[in-house]
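# here are the coordinates; sequence isn't available:
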């Protein structure tokens, strides 16, 4: 068990509302990642973090922001959710050997 | 930028061997990883190749050729539980995934 949890696991919201997804780790790993998964697109990197307050964009970062104020928490925020952001969101931590351990996923529906 | 290509679907028979190929184009490259994902679940790590050659882990093996920007995952003695999606991923600071290969196994 890599010690990574996501919350909420399921959320339904309306277009235009802000949404924050939380990723929490108990392993003290430096690198954390947010991906979204949609049919036919695989896993697409949104943002990642390489340390406290150190973040960078991924492949599909438009419409998303992240924050990492503590090693254990990596937050993904949708400032104004759109229907195109309906997806399953996975957080992952990278171990010292480079493996990614994923959280269980957060299913977001934007109506 | 980075891009990875892998077949969208592969079908094989229980007990057989199947190979899933992955070609990549990257600006930075430390190695190639493989992940398995069952329906409704999270991806799980299978293997990693940082150097050219074959890595074996039980029934699964993975191969990398840096000069060809090519790798593959080999699954032997297929079992029904191997029915899943398989993703290759390029590793540097950004870990980028291919779109995945859906493996169907026939009894």
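Happy to help now that I have it. This structure is a prediction, so every number in the text was calculated from the model and none was measured.
# switch to C-alpha atoms for all contacts and neighbour counts from now on
Fine.
# near chain B, which residues of chain A? Just list them.
Counting by C-alpha under 8 Å from any C-alpha of the partner chain, chain A comes close to chain B at A:40-45, A:48, A:58, A:90, A:99-105.
# among those residues, which ones are buried?
A:42-45, A:48, A:58, A:90, A:99-105 (16 or more other C-alpha atoms under 10 Å in any protein chain shown).
# in helices, which of those residues appear?
With helices taken from DSSP state H, there is no overlap with these.
# closest one of those to residue B:30?
Sorting these by how near they are to residue B:30, with C-alpha to C-alpha, puts residue A:99 at the top with 12.3 Å.
# what's the closest non-adjacent residue to the closest one?
In this structure, residue A:99 finds its nearest non-sequential neighbour in residue B:45, 6.5 Å apart by C-alpha to C-alpha, 6 or more residues apart in numbering or on different chains.
# again with residue A:73
residue A:24 (4.6 Å).
# name the element the one you found belongs to?
Assigned by DSSP states H and E, residue A:24 belongs to strand A:19-25.
# for chain B, give me its nearest residue in chain A.
Residue nearest to chain B within chain A: residue A:42 (4.0 Å; C-alpha to the nearest C-alpha).
# which residues touch that residue?
Residues near residue A:42 by C-alpha atoms under 8 Å, 6 or more residues apart in numbering or on different chains: B:87, B:97, B:98, B:99, B:100.
# switch the cut-off to 10 Å
A:35, A:36, B:85, B:86, B:87, B:97, B:98, B:99, B:100, B:101 (C-alpha atoms under 10 Å, 6 or more residues apart in numbering or on different chains).
# next one: residue A:67
The neighbours of residue A:67, taking C-alpha under 10 Å, 6+ apart as the test, are A:22, A:47-49, A:52-55, A:73-77.
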